[in-house]
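Chemist: Build me a model from this:
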Amino acid sequence: MKSPPLKIALIYLIFSIAWILFSDRVLMLMVTDMQHLADWQTIKGIVFVLITAVLIFWLLQRELAATRYANATLQLQEKRLRKITDTISVAVFIHRGGRLRYVNPQAVAYSGYSEAALLNMDLWDLVHPDYRAMVMDRSQARLYDPGGRARYELKMITRPGEARWLEVTADTIDFEGEPAGLATAYDITERKRAETALRQLNEELEARVAHRTADLQATNQELEAFSYSVSHDLRAPLRAIQGFTQALLEDNADQLDASGRDFAERIHAAANRLDGLIQDLLAYSRLSRGEIRLKPVKLDSVLAEALAQHDTEITDTAAKIDVASPLPEVIGHHATLVQVVSNLLSNALKFVPPGVVPQIRIQAEASPDHVKLMIADNGIGIDPAHQQRIFHVFERLHGIETYPGTGIGLAIVNKGVMRLGGEVGVRSALGHGSEFWIELPIKGRA
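Modeler: Numbers count the residues shown, from 1 in each chain. All right, here's what the predicted structure looks like:
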């Protein structure tokens, strides 16, 4: 866009050239008497001066009016802008080369300085020393490459010497006809304090959780060690009770009356139940204490060993075992899996209505990452309300007179599967049998 003086000069130049070229030709056509030509030349010059004077005056007036309109528009825009910046809750700092040229009331409120004092300061004087070099470098870089808006957080030092956190948005604008730096800031001091308090609280909570977890682990280890020690030490006197009652029944039965033999048989049966309970406690304790190294395990081999452990029960009950072989391979621990499957088979053989032949169906389903091994039976079933309880220690749903057991078998199953990184569950209904399942990985864990 051409400047007003240049526009006027160009118009004057064009008009002058046109006047010179055409006015002489017109004059020669109009004046034939050469004696009067000089007079007409003088008149032509006077006309030229008058016309150019009027033209220049008109152009100057036009440009002056345009300038006044532009100034008025600019002043109106500045008033609107100042009204906006004076009322917003964001601090506005405009600077050139770091020197503050404009601040709004919110900037005055944030800083604690008066407006006059701020306009005699550099922007850097308000920035905390930890952030001053960063702000100076970024402001200097924006003079050469504005690069759009930049947002960052920094600390400001107020007049009372207090450090306050600001979220700053930096940009470049035209101010008073020249490029200037614009910084808008929002006070986030309270948010920062809340974040610091929350972080400290989280750290304290994490420390408390870690401390309590360590205490709980130590307590569990002590309880497991105590359980193992007590269970192990109880077996010595228990074996003596079993041995003496067995000898009493075998060698001195004829010296006992009916009541004596009944008492001895009851003592022997109770000792046997207590021995089973202690053995289950030892097995549960070993699952918690022992080291388990996971590796590929063939479920067919696990099932064969578990079935062998119940060969007598299977024969005595004439149980029917249906296996959908071959079973897949999983990542686990052979001995632990044998114990888990053995306990599930024991329940399937034991919890059947009187006079019913146990029927057990064993199958597996494979997915890309897991294998689900299912053991279904035709037993008495489990009420859905109690299906979570049965995996806890000492949870029994039936009296020992009806179905023998210690109430630890399924807890051993649950503990063993958990240590293998798997899951265990049951689908059942009263009177319609049960299907226990364990889900195990088929790939090593990362």
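
Chemist: okay, residue 122: pLDDT?
Modeler: pLDDT for residue 122: 88.

Chemist: what's the spacing between it and residue 100?
Modeler: 7 Å (C-beta to C-beta, to the nearest Å). The way it works is simple: take the backbone N, C-alpha and C, and place the C-beta from them, glycine included.

Chemist: the more surrounded of those two?
Modeler: residue 100 (23 against 14; other C-beta atoms under 10 Å).

Chemist: What residues sit buried inside the stretch of helix or strand that one belongs to?
Modeler: If you go by DSSP states H and E, residue 100 is part of strand 99-103. If you call a residue buried by 16 or more other C-beta atoms under 10 Å, then strand 99-103 has these buried ones: 100-103.

Chemist: and if you look at stretch 324-341?
Modeler: 327, 329-333, 336-341.

Chemist: next one: that stretch to chain centre, how far?
Modeler: Averaging C-alpha positions (C-alpha atoms, centre = their mean, to the nearest Å) puts stretch 324-341 36 Å from its chain's average.

Chemist: Stretch 317-336 too?
Modeler: Centre to centre, stretch against its chain (C-alpha atoms, centre = their mean), the figure for stretch 317-336 is 40 Å.

Chemist: helix/strand/coil for residue 421?
Modeler: coil (DSSP: H, G, I helix; E, B strand; the rest coil).

Chemist: all helices for the stretch 201-350 of the chain, in order.
Modeler: 258-289, 299-309, 311-317, 334-350 (DSSP state H, counting those that start in this stretch).

Chemist: for residue 314, what are its contacts?
Modeler: For residue 314, the contact set (C-beta atoms under 8 Å, 6 or more residues apart in numbering) comprises 307, 321, 349.

Chemist: out of the residues you listed, which is most surrounded?
Modeler: residue 349 (19 neighbours).

Chemist: what's it in contact with, if anything?
Modeler: 310, 313-314, 317, 319, 358, 360.

Chemist: same deal with residue 382?
Modeler: Residue 382 neighbours (C-beta under 8 Å, 6+ apart): 390, 397, 426, 428-430, 434.

Chemist: Relative to residue 422, how far out is residue 293?
Modeler: Counting by C-beta to C-beta, the gap from residue 293 to residue 422 is 16 Å.

Chemist: Have a look at these two and say which one is more surrounded.
Modeler: Per other C-beta under 10 Å, whichever of residue 293 and residue 422 has more neighbours is residue 422, with 21 against 5.

Chemist: Give me the below-cutoff pLDDT ranges for the stretch 151-300 of the chain.
Modeler: Along the stretch 151-300 of the chain, the model assigns pLDDT under 70 to residues 220, 223-224, 226-236, 273-291.

Chemist: could you pull out the strands for it?
Modeler: For the stretch 151-300 of the chain, applying DSSP state E, counting those that start in this stretch gives strands covering 163-175, 178-187, 295-298.

Chemist: mind listing what's buried in the second one?
Modeler: When neighbours are counted by 16+ other C-beta under 10 Å, the buried residues of strand 178-187 are found to be 180-187.
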